[in-house]
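Trainee: turn this into a structure:
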Amino acid sequence: MEAISDKELEAKSQVLVIGPYSTGKTTFIRYLLGRDFNNMNIGPEPTTDSFTVLVHGDEDRSVAGNSFTRITSLPYSGLLQFGTGFLRRLTASISPSPFLEHITLVDTPGALTGEAHQHRRSYSFPVVARWFADRSDLIVLIFDAHKLDISDELRDVMEGLVEHQDKVRIVLNKADQIERAHLMRVYGALMWTMGTIFPNPEVVRVYVGSFWDRPLKYTAHARLFERDQTALLGELAALPKESATRKMDAIMARVKRLKAHVCVLGHIRAQAYKDELLEDLGGVFEEVRLKHGLHEADLPDVAKFGAVLRALDVADLPALRPATLQQLDDVVDVEFPRVSAAT
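Mentor: Residues are numbered from 1 along each chain as shown. Predicted coordinates for the structure are as follows:
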């Protein structure tokens, strides 16, 4: 769990746009901006092999990733950890679009099919996407209603978004290009696929429409398209007002996970029999959860935790101190309500 920097807390709302290539991601962003932007490439084949962060500025210009991540007034220095291979595929597009005055957009490479992504990428797309997702207020997954395609790479990315399901929105784009009956089948297939990835796919909001300025080809669902486009634009417009609350919720979730982690480590240190505990680590977690009134979702991943624990000396683990638990409880029960009342 990476630290949250002051710049990240002070940052504008951020929207991450993800999807297969040629689904209209870049066109969707152009639709939101109401204008073209630097590094905008639109085509039927993979045209965007870079992450593009769209930020507000007085004039259209581009900034290379290596320079962009070193601008101290922006919250992107954490991207330096992904190395030169990624930074060469990162660009900032400065635009005077009014939409960007309060919201930052992140355009991503189109997810590739087959094994192409294993050889073409000089970085881990799912890992970088997760970094942006952790810091985004909304994650928009765009699919082409005309050719629903979820590649292995895209599935890997989406599986990394499971804990952010509340922030995920799905756009079924180019929906006017197919007839009514076909659209219903595509929608059903999309929801079935979401059910294999997200634990509660029925709560993921789906917007159906064609996010461009062209006339509709099939108009049977014109009212639905108009309603969903208005609803999505309204949700985006509300993000800046809700950003502070989202960030506070994210920090509170971290505090609760930290408390769970501290309780588990303290329990294991007190037992001093690591090998026996590793045999039933799930049982240990449940014992700690019941003892301290923890939520199951706040506990560490059993497999990952066990793999790290095997390499550690139990004597080096921190002891569980009541004062530490009290401090963490005070953050949740006292400090957060106080801050919330003041905002």
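
Trainee: make it CA atoms for all contacts and neighbour counts henceforth
Mentor: OK.

Trainee: for the stretch 1-150 of the chain, which segments are assigned as helices?
Mentor: 6-10, 25-33, 65-68, 83-87, 116-120, 125-134 (DSSP state H, counting those that start in this stretch).

Trainee: weakest of these by average pLDDT?
Mentor: Taking each of these in turn, the one with the lowest mean pLDDT is helix 116-120, at a mean of 56.

Trainee: ok, back up a step: of all the helices of the stretch 1-150 of the chain, which one is nearest Thr219?
Mentor: Go through the helices of the stretch 1-150 of the chain one by one with C-alpha to C-alpha and the one that ends up closest to Thr219 is helix 25-33, at 19.7 Å.

Trainee: still on that earlier bit, make a markdown table out of the helices of the stretch 1-150 of the chain and add mean neighbour count.
Mentor: A markdown table is the format used below for the helices of the stretch 1-150 of the chain (neighbours: other C-alpha atoms under 10 Å):
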| stretch | mean neighbour count |
| --- | --- |
| helix 6-10 | 14 |
| helix 25-33 | 20 |
| helix 65-68 | 19 |
| helix 83-87 | 16 |
| helix 116-120 | 12 |
| helix 125-134 | 18 |
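
Trainee: adding distance to Pro96, write those helices out as JSON lines.
Mentor: Supplementary listing: those in JSON lines, determined by distance: least, C-alpha to C-alpha, whole Å:
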{"stretch": "helix 6-10", "distance to Pro96": "21"}
{"stretch": "helix 25-33", "distance to Pro96": "9"}
{"stretch": "helix 65-68", "distance to Pro96": "17"}
{"stretch": "helix 83-87", "distance to Pro96": "24"}
{"stretch": "helix 116-120", "distance to Pro96": "33"}
{"stretch": "helix 125-134", "distance to Pro96": "23"}
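
Trainee: which parts of the stretch 101-250 of the chain are strands?
Mentor: Listed in chain order, the strands found in the stretch 101-250 of the chain under DSSP state E, counting those that start in this stretch are 103-107, 138-144, 168-173, 205-208.

Trainee: right, so of those, which gets closest to Ile18?
Mentor: When the strands of the stretch 101-250 of the chain are compared for distance to Ile18 using C-alpha to C-alpha, the nearest one is strand 138-144, at 4.9 Å.

Trainee: report the mean per-residue pLDDT for that closest one.
Mentor: 94.

Trainee: that older thread, adding distance to Arg61 and mean neighbour count, write the strands of the stretch 101-250 of the chain out as TSV.
Mentor: Listed next are those as TSV, based on distance: least, C-alpha to C-alpha, whole Å; neighbours: other C-alpha atoms under 10 Å:
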stretch	distance to Arg61	mean neighbour count
strand 103-107	15	21
strand 138-144	25	22
strand 168-173	28	22
strand 205-208	31	20
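
Trainee: Asp156: which of those is closest?
Mentor: When the strands of the stretch 101-250 of the chain are compared (using C-alpha to C-alpha), the closest one is strand 138-144, at 13.4 Å.
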